[in-house]
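J.: got a predicted model here, sequence first, then my questions.
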2 protein chains.
Amino acid sequence: MKIEVKKNILASNAVVAAGNRERLERHGVSMINLMASPGAGKTSVITRAIEGVRGELSLGVIEGDIASEIDSLAIEAMDVPAIQINTGGSCHLTAAMVGSALDHLDLGALDMIIIENVGNLVCPAEFDLGETARVMIASVAEGHDKPHKYPLMFREVDAIIINKIDLLPYCDFDLPQFRQIVAGLNPGARLLELSCKDGFGAGDWCDWLLGAAARVSGGA
Amino acid sequence: MKIEVKKNILASNAVVAAGNRERLERHGVSMINLMASPGAGKTSVITRAIEGVRGELSLGVIEGDIASEIDSLAIEAMDVPAIQINTGGSCHLTAAMVGSALDHLDLGALDMIIIENVGNLVCPAEFDLGETARVMIASVAEGHDKPHKYPLMFREVDAIIINKIDLLPYCDFDLPQFRQIVAGLNPGARLLELSCKDGFGAGDWCDWLLGAAARVSGGA
(Lines give C-alpha, C1' and ligand atoms only; values in the text may rest on other atoms or scores of the structure.)
Protein backbone atom coordinates (compact mmCIF):
# COMPACT_ATOMS: atom_id res chain seq x y z
CA MET A 1 0.00 0.00 0.00
CA LYS A 2 2.69 2.47 0.99
CA ILE A 3 4.71 1.35 -2.03
CA GLU A 4 1.75 2.01 -4.32
CA VAL A 5 1.46 5.58 -3.08
CA LYS A 6 5.17 6.12 -3.68
CA LYS A 7 4.96 4.58 -7.16
CA ASN A 8 2.04 6.81 -8.12
CA ILE A 9 3.78 9.92 -6.84
CA LEU A 10 6.93 9.10 -8.81
CA ALA A 11 4.94 8.29 -11.99
CA SER A 12 3.01 11.56 -11.95
CA ASN A 13 6.21 13.44 -11.10
CA ALA A 14 7.89 11.93 -14.19
CA VAL A 15 5.12 13.28 -16.44
CA VAL A 16 5.54 16.82 -15.09
CA ALA A 17 9.34 16.51 -15.31
CA ALA A 18 9.08 15.60 -19.01
CA GLY A 19 7.00 18.74 -19.54
CA ASN A 20 9.63 20.89 -17.82
CA ARG A 21 12.35 19.33 -19.99
CA GLU A 22 10.47 20.00 -23.24
CA ARG A 23 9.89 23.58 -22.20
CA LEU A 24 13.61 24.09 -21.53
CA GLU A 25 14.57 22.43 -24.83
CA ARG A 26 12.35 24.79 -26.79
CA HIS A 27 14.40 27.67 -25.36
CA GLY A 28 17.79 25.89 -25.51
CA VAL A 29 18.12 26.31 -21.76
CA SER A 30 20.06 23.76 -19.70
CA MET A 31 19.07 23.03 -16.11
CA ILE A 32 21.38 21.61 -13.43
CA ASN A 33 19.89 19.78 -10.43
CA LEU A 34 22.43 20.37 -7.64
CA MET A 35 22.04 18.01 -4.69
CA ALA A 36 23.97 17.55 -1.42
CA SER A 37 23.76 17.10 2.34
CA PRO A 38 22.88 20.12 4.46
CA GLY A 39 25.98 22.25 4.81
CA ALA A 40 28.00 20.65 1.99
CA GLY A 41 28.29 24.09 0.37
CA LYS A 42 25.58 24.20 -2.31
CA THR A 43 25.04 27.95 -2.19
CA SER A 44 28.79 28.69 -2.26
CA VAL A 45 29.21 26.33 -5.22
CA ILE A 46 26.49 28.31 -7.02
CA THR A 47 28.04 31.69 -6.20
CA ARG A 48 31.42 30.41 -7.51
CA ALA A 49 29.61 29.42 -10.73
CA ILE A 50 27.94 32.83 -11.03
CA GLU A 51 31.32 34.59 -10.71
CA GLY A 52 33.06 32.17 -13.07
CA VAL A 53 30.64 32.12 -16.02
CA ARG A 54 29.57 35.77 -15.86
CA GLY A 55 29.67 37.18 -19.40
CA GLU A 56 29.58 33.68 -20.91
CA LEU A 57 26.29 32.25 -19.65
CA SER A 58 23.14 33.99 -18.55
CA LEU A 59 22.15 32.18 -15.32
CA GLY A 60 18.99 31.84 -13.27
CA VAL A 61 18.73 30.04 -9.94
CA ILE A 62 15.94 28.11 -8.23
CA GLU A 63 16.48 27.75 -4.48
CA GLY A 64 14.76 24.89 -2.66
CA ASP A 65 14.59 24.99 1.12
CA ILE A 66 12.29 23.73 3.86
CA ALA A 67 12.20 27.28 5.21
CA SER A 68 13.95 30.68 4.90
CA GLU A 69 14.93 32.95 2.02
CA ILE A 70 18.60 33.38 2.95
CA ASP A 71 19.94 31.73 -0.18
CA SER A 72 17.80 33.43 -2.81
CA LEU A 73 18.55 36.84 -1.27
CA ALA A 74 22.30 36.07 -1.51
CA ILE A 75 21.92 35.13 -5.19
CA GLU A 76 19.79 38.16 -6.05
CA ALA A 77 22.44 40.37 -4.47
CA MET A 78 24.70 39.10 -7.29
CA ASP A 79 22.24 40.37 -9.96
CA VAL A 80 21.06 36.89 -10.89
CA PRO A 81 17.33 36.10 -10.97
CA ALA A 82 16.51 33.70 -8.12
CA ILE A 83 13.23 32.00 -7.28
CA GLN A 84 12.86 30.67 -3.75
CA ILE A 85 10.75 27.56 -3.21
CA ASN A 86 9.91 26.83 0.43
CA THR A 87 8.76 23.21 0.50
CA GLY A 88 7.10 23.44 3.92
CA GLY A 89 7.93 20.07 5.37
CA SER A 90 8.97 18.25 2.20
CA CYS A 91 12.52 16.86 2.06
CA HIS A 92 12.93 17.19 -1.73
CA LEU A 93 11.81 19.31 -4.66
CA THR A 94 9.27 17.91 -7.11
CA ALA A 95 8.89 18.58 -10.84
CA ALA A 96 5.67 20.51 -10.12
CA MET A 97 7.46 22.86 -7.72
CA VAL A 98 10.17 23.49 -10.32
CA GLY A 99 7.53 23.99 -13.04
CA SER A 100 5.94 26.77 -10.95
CA ALA A 101 9.35 28.39 -10.52
CA LEU A 102 9.96 28.24 -14.30
CA ASP A 103 6.77 30.31 -14.75
CA HIS A 104 8.56 33.16 -12.97
CA LEU A 105 11.80 33.04 -14.98
CA ASP A 106 12.29 34.62 -18.44
CA LEU A 107 13.47 31.47 -20.27
CA GLY A 108 14.13 33.42 -23.48
CA ALA A 109 16.79 35.45 -21.67
CA LEU A 110 18.58 32.54 -19.93
CA ASP A 111 21.19 29.96 -20.96
CA MET A 112 21.19 27.88 -17.80
CA ILE A 113 19.22 27.38 -14.60
CA ILE A 114 20.86 25.94 -11.50
CA ILE A 115 18.49 24.33 -9.00
CA GLU A 116 19.66 24.09 -5.40
CA ASN A 117 17.70 21.10 -4.14
CA VAL A 118 16.79 20.58 -0.46
CA GLY A 119 19.80 19.43 1.59
CA ASN A 120 19.30 15.67 1.59
CA LEU A 121 21.15 12.71 0.04
CA VAL A 122 18.11 10.44 -0.12
CA CYS A 123 14.81 11.47 -1.74
CA PRO A 124 16.10 14.16 -4.15
CA ALA A 125 17.85 11.34 -6.07
CA GLU A 126 14.46 9.79 -6.84
CA PHE A 127 12.63 12.85 -8.14
CA ASP A 128 13.28 13.87 -11.75
CA LEU A 129 12.79 17.64 -12.00
CA GLY A 130 13.22 17.88 -15.77
CA GLU A 131 16.89 18.80 -15.39
CA THR A 132 19.39 18.31 -18.22
CA ALA A 133 22.20 17.29 -15.84
CA ARG A 134 22.61 16.22 -12.22
CA VAL A 135 25.44 17.24 -9.94
CA MET A 136 26.05 16.32 -6.33
CA ILE A 137 28.43 17.77 -3.79
CA ALA A 138 30.31 15.61 -1.30
CA SER A 139 32.14 17.64 1.32
CA VAL A 140 35.50 16.42 2.59
CA ALA A 141 34.23 16.93 6.15
CA GLU A 142 31.52 14.29 5.59
CA GLY A 143 33.96 11.41 5.18
CA HIS A 144 34.86 9.17 2.26
CA ASP A 145 32.38 6.40 3.15
CA LYS A 146 29.24 8.30 2.10
CA PRO A 147 28.90 6.56 -1.31
CA HIS A 148 28.41 3.25 0.55
CA LYS A 149 25.55 4.76 2.55
CA TYR A 150 23.76 6.78 -0.12
CA PRO A 151 24.50 4.75 -3.24
CA LEU A 152 21.51 5.89 -5.33
CA MET A 153 22.55 9.54 -5.16
CA PHE A 154 26.13 8.74 -6.18
CA ARG A 155 24.88 6.53 -9.03
CA GLU A 156 22.40 9.01 -10.48
CA VAL A 157 24.64 12.03 -11.06
CA ASP A 158 26.73 13.22 -14.01
CA ALA A 159 29.31 15.00 -11.85
CA ILE A 160 30.42 14.90 -8.22
CA ILE A 161 32.03 17.94 -6.66
CA ILE A 162 34.45 17.09 -3.82
CA ASN A 163 34.02 20.34 -1.94
CA LYS A 164 35.91 21.91 0.98
CA ILE A 165 39.07 20.31 -0.40
CA ASP A 166 40.95 22.89 1.72
CA LEU A 167 39.88 20.85 4.80
CA LEU A 168 41.75 17.74 3.57
CA PRO A 169 44.69 18.21 6.01
CA TYR A 170 42.29 18.40 8.97
CA CYS A 171 39.84 15.57 8.17
CA ASP A 172 40.15 11.79 7.91
CA PHE A 173 39.04 11.82 4.27
CA ASP A 174 40.81 9.23 2.12
CA LEU A 175 40.62 10.75 -1.39
CA PRO A 176 41.98 7.72 -3.33
CA GLN A 177 39.53 5.45 -1.49
CA PHE A 178 36.64 7.85 -2.20
CA ARG A 179 37.56 7.87 -5.91
CA GLN A 180 37.69 4.07 -5.93
CA ILE A 181 34.27 3.65 -4.25
CA VAL A 182 32.70 6.16 -6.66
CA ALA A 183 34.31 4.43 -9.67
CA GLY A 184 32.57 1.21 -8.61
CA LEU A 185 29.16 2.87 -8.38
CA ASN A 186 29.30 5.37 -11.23
CA PRO A 187 32.35 5.04 -13.47
CA GLY A 188 31.10 7.72 -15.89
CA ALA A 189 30.76 10.48 -13.29
CA ARG A 190 33.14 13.42 -13.57
CA LEU A 191 34.89 14.17 -10.27
CA LEU A 192 35.67 17.82 -9.60
CA GLU A 193 37.81 18.91 -6.63
CA LEU A 194 36.80 22.32 -5.31
CA SER A 195 37.43 24.78 -2.52
CA CYS A 196 34.85 27.55 -2.49
CA LYS A 197 36.93 29.20 0.22
CA ASP A 198 40.16 29.72 -1.76
CA GLY A 199 38.86 29.13 -5.30
CA PHE A 200 40.88 25.98 -6.02
CA GLY A 201 39.15 24.07 -8.84
CA ALA A 202 36.63 26.81 -9.61
CA GLY A 203 37.89 26.96 -13.21
CA ASP A 204 37.23 23.24 -13.76
CA TRP A 205 33.74 23.57 -12.26
CA CYS A 206 32.88 26.48 -14.56
CA ASP A 207 34.35 24.69 -17.61
CA TRP A 208 32.14 21.72 -16.79
CA LEU A 209 29.09 24.02 -16.66
CA LEU A 210 29.99 25.60 -20.02
CA GLY A 211 30.20 22.09 -21.53
CA ALA A 212 26.83 21.14 -20.03
CA ALA A 213 25.26 24.31 -21.47
CA ALA A 214 26.79 23.70 -24.92
CA ARG A 215 25.40 20.16 -25.04
CA VAL A 216 21.86 21.53 -24.64
CA SER A 217 22.08 24.64 -26.78
CA GLY A 218 23.58 22.60 -29.61
CA GLY A 219 27.21 23.60 -29.18
CA ALA A 220 27.08 27.39 -28.81
CA MET B 1 -4.79 14.05 -0.84
CA LYS B 2 -1.01 13.86 -0.39
CA ILE B 3 -1.44 15.55 2.99
CA GLU B 4 -3.97 12.92 4.07
CA VAL B 5 -1.55 10.12 3.28
CA LYS B 6 1.18 11.84 5.34
CA LYS B 7 -1.24 12.44 8.23
CA ASN B 8 -2.31 8.79 8.29
CA ILE B 9 1.28 7.58 8.18
CA LEU B 10 2.24 9.85 11.08
CA ALA B 11 -0.85 8.86 13.12
CA SER B 12 -0.20 5.13 12.78
CA ASN B 13 3.50 5.72 13.48
CA ALA B 14 2.59 7.49 16.73
CA VAL B 15 0.63 4.45 17.93
CA VAL B 16 3.56 2.11 17.32
CA ALA B 17 5.96 4.63 18.94
CA ALA B 18 3.81 4.69 22.10
CA GLY B 19 4.06 0.88 22.20
CA ASN B 20 7.86 1.03 21.93
CA ARG B 21 7.99 3.61 24.73
CA GLU B 22 5.85 1.49 27.09
CA ARG B 23 8.02 -1.52 26.40
CA LEU B 24 11.18 0.44 27.28
CA GLU B 25 9.59 1.89 30.43
CA ARG B 26 8.74 -1.58 31.69
CA HIS B 27 12.46 -2.40 31.57
CA GLY B 28 13.68 1.02 32.75
CA VAL B 29 15.59 1.41 29.49
CA SER B 30 16.18 4.86 28.00
CA MET B 31 16.42 5.32 24.21
CA ILE B 32 18.20 8.19 22.45
CA ASN B 33 17.17 9.11 18.90
CA LEU B 34 20.36 10.56 17.38
CA MET B 35 19.77 12.58 14.22
CA ALA B 36 22.08 14.55 11.89
CA SER B 37 23.07 15.30 8.31
CA PRO B 38 25.08 12.68 6.45
CA GLY B 39 28.68 12.93 7.59
CA ALA B 40 28.05 15.01 10.72
CA GLY B 41 29.74 12.30 12.76
CA LYS B 42 26.89 10.20 14.21
CA THR B 43 28.85 6.96 14.41
CA SER B 44 31.89 8.63 16.00
CA VAL B 45 29.63 10.35 18.54
CA ILE B 46 28.25 6.90 19.43
CA THR B 47 31.69 5.30 19.72
CA ARG B 48 32.78 8.17 22.03
CA ALA B 49 29.69 7.42 24.15
CA ILE B 50 30.48 3.70 24.26
CA GLU B 51 34.03 4.42 25.47
CA GLY B 52 32.88 7.05 27.97
CA VAL B 53 30.05 5.20 29.75
CA ARG B 54 31.57 1.70 29.70
CA GLY B 55 31.15 0.19 33.17
CA GLU B 56 28.40 2.68 34.04
CA LEU B 57 25.70 1.97 31.46
CA SER B 58 24.98 -1.15 29.47
CA LEU B 59 24.42 0.11 25.91
CA GLY B 60 22.77 -1.25 22.79
CA VAL B 61 22.77 0.44 19.39
CA ILE B 62 20.28 0.49 16.52
CA GLU B 63 21.87 1.60 13.24
CA GLY B 64 19.62 3.06 10.54
CA ASP B 65 20.99 3.37 7.02
CA ILE B 66 19.66 3.33 3.48
CA ALA B 67 22.27 0.67 2.70
CA SER B 68 25.45 -0.95 4.09
CA GLU B 69 26.40 -2.54 7.42
CA ILE B 70 29.58 -0.52 8.01
CA ASP B 71 28.32 1.17 11.16
CA SER B 72 26.87 -1.83 13.00
CA LEU B 73 30.04 -3.82 12.34
CA ALA B 74 32.11 -0.99 13.85
CA ILE B 75 29.88 -0.96 16.95
CA GLU B 76 29.89 -4.77 17.35
CA ALA B 77 33.69 -4.67 17.21
CA MET B 78 33.44 -2.69 20.47
CA ASP B 79 31.49 -5.54 22.14
CA VAL B 80 28.18 -3.65 22.08
CA PRO B 81 25.07 -5.31 20.63
CA ALA B 82 24.12 -3.53 17.39
CA ILE B 83 21.10 -4.07 15.16
CA GLN B 84 21.38 -2.77 11.60
CA ILE B 85 18.22 -1.54 9.89
CA ASN B 86 18.57 -1.00 6.15
CA THR B 87 15.62 1.15 5.14
CA GLY B 88 15.88 0.43 1.42
CA GLY B 89 14.93 3.77 -0.05
CA SER B 90 13.38 5.39 3.01
CA CYS B 91 14.95 8.62 4.27
CA HIS B 92 14.03 8.09 7.94
CA LEU B 93 13.42 5.37 10.49
CA THR B 94 9.86 4.59 11.59
CA ALA B 95 8.59 3.34 14.95
CA ALA B 96 7.78 -0.02 13.35
CA MET B 97 11.38 -0.46 12.13
CA VAL B 98 12.66 0.33 15.62
CA GLY B 99 10.08 -2.02 17.17
CA SER B 100 11.45 -4.87 15.04
CA ALA B 101 14.98 -4.02 16.15
CA LEU B 102 13.88 -4.05 19.83
CA ASP B 103 12.74 -7.67 19.32
CA HIS B 104 16.39 -8.56 18.74
CA LEU B 105 17.82 -6.79 21.80
CA ASP B 106 17.80 -8.20 25.36
CA LEU B 107 16.03 -5.26 27.06
CA GLY B 108 16.44 -6.82 30.52
CA ALA B 109 20.22 -6.55 30.14
CA LEU B 110 20.38 -2.96 28.83
CA ASP B 111 20.25 0.51 30.41
CA MET B 112 20.19 2.57 27.23
CA ILE B 113 19.73 2.18 23.50
CA ILE B 114 21.18 4.73 21.08
CA ILE B 115 19.49 4.90 17.68
CA GLU B 116 21.53 6.27 14.79
CA ASN B 117 18.82 7.60 12.49
CA VAL B 118 19.27 7.96 8.70
CA GLY B 119 21.45 10.96 7.81
CA ASN B 120 18.80 13.60 7.11
CA LEU B 121 17.72 16.84 8.83
CA VAL B 122 14.15 16.75 7.51
CA CYS B 123 11.87 13.72 7.90
CA PRO B 124 13.48 12.08 10.96
CA ALA B 125 12.28 15.09 12.99
CA GLU B 126 8.67 14.15 12.18
CA PHE B 127 8.75 10.46 13.12
CA ASP B 128 8.47 9.58 16.80
CA LEU B 129 10.32 6.28 17.36
CA GLY B 130 9.31 5.85 21.00
CA GLU B 131 12.60 7.39 22.18
CA THR B 132 12.98 8.93 25.64
CA ALA B 133 15.23 11.75 24.39
CA ARG B 134 16.22 13.31 21.07
CA VAL B 135 19.69 14.52 20.20
CA MET B 136 20.93 16.11 17.00
CA ILE B 137 24.44 16.75 15.77
CA ALA B 138 25.38 19.94 13.91
CA SER B 139 28.88 19.80 12.48
CA VAL B 140 30.98 22.97 12.43
CA ALA B 141 31.75 22.27 8.74
CA GLU B 142 28.03 22.62 7.89
CA GLY B 143 27.85 26.32 8.80
CA HIS B 144 26.01 28.22 11.51
CA ASP B 145 22.93 29.02 9.39
CA LYS B 146 21.49 25.48 9.42
CA PRO B 147 18.89 26.17 12.17
CA HIS B 148 17.27 28.73 9.83
CA LYS B 149 16.94 26.08 7.13
CA TYR B 150 15.89 23.04 9.18
CA PRO B 151 13.99 24.67 12.05
CA LEU B 152 11.80 21.68 12.98
CA MET B 153 14.81 19.48 13.69
CA PHE B 154 16.44 22.14 15.88
CA ARG B 155 13.15 22.72 17.72
CA GLU B 156 12.36 19.08 18.44
CA VAL B 157 15.54 18.00 20.22
CA ASP B 158 16.62 17.91 23.87
CA ALA B 159 20.32 18.37 23.12
CA ILE B 160 22.41 19.62 20.21
CA ILE B 161 25.98 18.42 19.79
CA ILE B 162 28.22 20.94 18.00
CA ASN B 163 30.60 18.38 16.54
CA LYS B 164 33.97 18.70 14.80
CA ILE B 165 34.69 21.67 17.04
CA ASP B 166 38.38 21.09 16.15
CA LEU B 167 37.56 22.46 12.66
CA LEU B 168 36.51 25.84 14.07
CA PRO B 169 39.77 27.59 13.03
CA TYR B 170 39.34 26.38 9.41
CA CYS B 171 35.61 27.03 8.85
CA ASP B 172 33.43 30.14 8.70
CA PHE B 173 31.30 28.95 11.60
CA ASP B 174 30.16 31.77 13.91
CA LEU B 175 29.62 29.97 17.23
CA PRO B 176 28.00 32.89 19.13
CA GLN B 177 25.60 33.45 16.22
CA PHE B 178 24.75 29.74 16.09
CA ARG B 179 24.01 29.76 19.83
CA GLN B 180 21.80 32.82 19.39
CA ILE B 181 19.78 31.31 16.50
CA VAL B 182 19.28 28.06 18.45
CA ALA B 183 18.23 29.98 21.59
CA GLY B 184 15.47 31.61 19.52
CA LEU B 185 14.17 28.27 18.25
CA ASN B 186 14.69 26.02 21.25
CA PRO B 187 15.79 27.82 24.42
CA GLY B 188 15.64 24.62 26.50
CA ALA B 189 18.05 22.61 24.37
CA ARG B 190 21.38 21.70 25.93
CA LEU B 191 24.32 22.62 23.66
CA LEU B 192 27.34 20.33 23.83
CA GLU B 193 30.62 21.17 22.07
CA LEU B 194 32.48 18.06 20.96
CA SER B 195 35.46 16.89 18.97
CA CYS B 196 35.35 13.16 18.34
CA LYS B 197 38.83 13.51 16.86
CA ASP B 198 40.65 14.78 19.97
CA GLY B 199 38.04 13.97 22.64
CA PHE B 200 37.28 17.57 23.64
CA GLY B 201 33.85 17.65 25.30
CA ALA B 202 33.45 13.86 25.43
CA GLY B 203 33.06 14.03 29.23
CA ASP B 204 30.13 16.46 28.97
CA TRP B 205 28.45 14.31 26.33
CA CYS B 206 28.76 11.19 28.50
CA ASP B 207 27.53 13.08 31.60
CA TRP B 208 24.50 14.18 29.62
CA LEU B 209 23.80 10.54 28.66
CA LEU B 210 24.13 9.39 32.29
CA GLY B 211 21.57 12.06 33.27
CA ALA B 212 19.20 10.97 30.50
CA ALA B 213 19.49 7.35 31.65
CA ALA B 214 18.89 8.28 35.31
CA ARG B 215 15.69 10.20 34.42
CA VAL B 216 14.22 7.05 32.88
CA SER B 217 15.45 4.43 35.34
CA GLY B 218 14.20 6.56 38.24
CA GLY B 219 17.52 7.99 39.36
CA ALA B 220 19.79 4.94 39.52
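T.: Happy to help now that I have it.

J.: and stretch A:190-202, how far out from the chain's middle?
T.: 15 Å (Cα atoms, centre = their mean, to the nearest Å).

J.: packing partners for the lowest-mean-pLDDT helix or strand in chain A?
T.: Every helix and strand of chain A was ranked by mean pLDDT, DSSP states H and E. The lowest is helix A:2-26, at a mean of 86. Here helix A:2-26 touches strand A:30-36, helix A:95-102, helix B:2-27, going by 3 or more Cβ pairs under 8 Å, 6 or more residues apart in numbering or on different chains; DSSP states H and E. C-beta here means a position set from N, CA and C on the backbone, and glycine is covered the same way.

J.: so which residues make contact with stretch A:27-35?
T.: Stretch A:27-35 is contacted by residues A:20, A:24, A:42, A:45-46, A:107-108, A:110-117, A:120-121, A:124-125, A:129-137, A:153, A:157, A:209, A:212-213, A:215-218, A:220 when judged by Cβ atoms under 8 Å, 6 or more residues apart in numbering or on different chains.

J.: what of stretch A:196-207?
T.: Stretch A:196-207 has contacts (Cβ under 8 Å, 6+ apart) with A:41, A:44-45, A:47-49, A:51-53, A:161, A:163-166, A:192-195, B:172.

J.: and that stretch, how far apart are its ends?
T.: End-to-end distance for stretch A:196-207: 15 Å, by Cα to Cα, to the nearest Å.

J.: repeat for stretch A:115-132
T.: For stretch A:115-132, the first-to-last residue distance is 11 Å (Cα to Cα).

J.: look up the pLDDT of the most centrally placed residue in chain A for me, please.
T.: For chain A, the residue nearest the mean C-alpha position is residue A:34 (0.7 Å; Cα atoms, centre = their mean). Residue A:34 carries a pLDDT score of 98 in this model.

J.: give me the distance between it and residue B:14.
T.: Applying Cβ to Cβ, to the nearest Å, one obtains 35 Å for the distance of residue A:34 from residue B:14.

J.: residues near residue A:54, how many?
T.: Residue A:54: 14 surrounding residues under other Cβ atoms under 10 Å in any protein chain shown.

J.: same check on residue A:52?
T.: Applying other Cβ under 10 Å, we find 19 residues neighbouring residue A:52.

J.: quick one: the helices in chain A, in order.
T.: A:2-26, A:42-53, A:70-76, A:95-102, A:146-149, A:151-156, A:175-185, A:202-217 (DSSP state H).

J.: minimum distance to residue B:81: which of those helices has it?
T.: With Cβ to Cβ as the measure, helix A:146-149 is the member of these nearest residue B:81 (21.2 Å).

J.: dihedrals phi and psi, residue A:78?
T.: Here is the backbone geometry of residue A:78 (degrees, to the nearest 10): phi -100, psi 20.

J.: need the residues of chain A near chain B, please.
T.: Chain A comes close to chain B at residues A:2, A:5, A:9, A:37-40, A:65-68, A:70, A:89-91, A:118-123, A:126, A:139, A:141-143, A:145-146, A:148-152, A:164, A:166-167, A:170-172, A:197, as judged by Cβ under 8 Å from any Cβ of the partner chain.

J.: any of those buried? List them.
T.: A:37-40, A:65-66, A:68, A:90-91, A:118-123, A:126, A:139, A:141-143, A:145-146, A:148-152, A:164, A:166-167, A:170-171, A:197 (16 or more other Cβ atoms under 10 Å in any protein chain shown).

J.: in strands, which of those fall?
T.: By the criterion of DSSP state E, membership of those in strands covers A:65, A:139.

J.: count of residues packed around the closest residue to residue A:177 other than its chain neighbours?
T.: Spatial nearest neighbour of residue A:177, excluding adjacent residues (Cβ to Cβ, 6 or more residues apart in numbering or on different chains): residue A:144 at 5.2 Å. Neighbour count of residue A:144, defined by other Cβ under 10 Å: 22.

J.: ok, residue A:144 to residue A:176 distance?
T.: From residue A:144 to residue A:176 the distance is 9 Å (Cβ to Cβ).

J.: buried among the contacts of stretch A:196-207? Make that a ChimeraX selection.
T.: The buried residues among the contacts of stretch A:196-207 can be selected in ChimeraX (16+ other Cβ under 10 Å) with this line:
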select /A:41,44,45,47,48,49,52,53,161,163,164,165,166,192,193,194,195
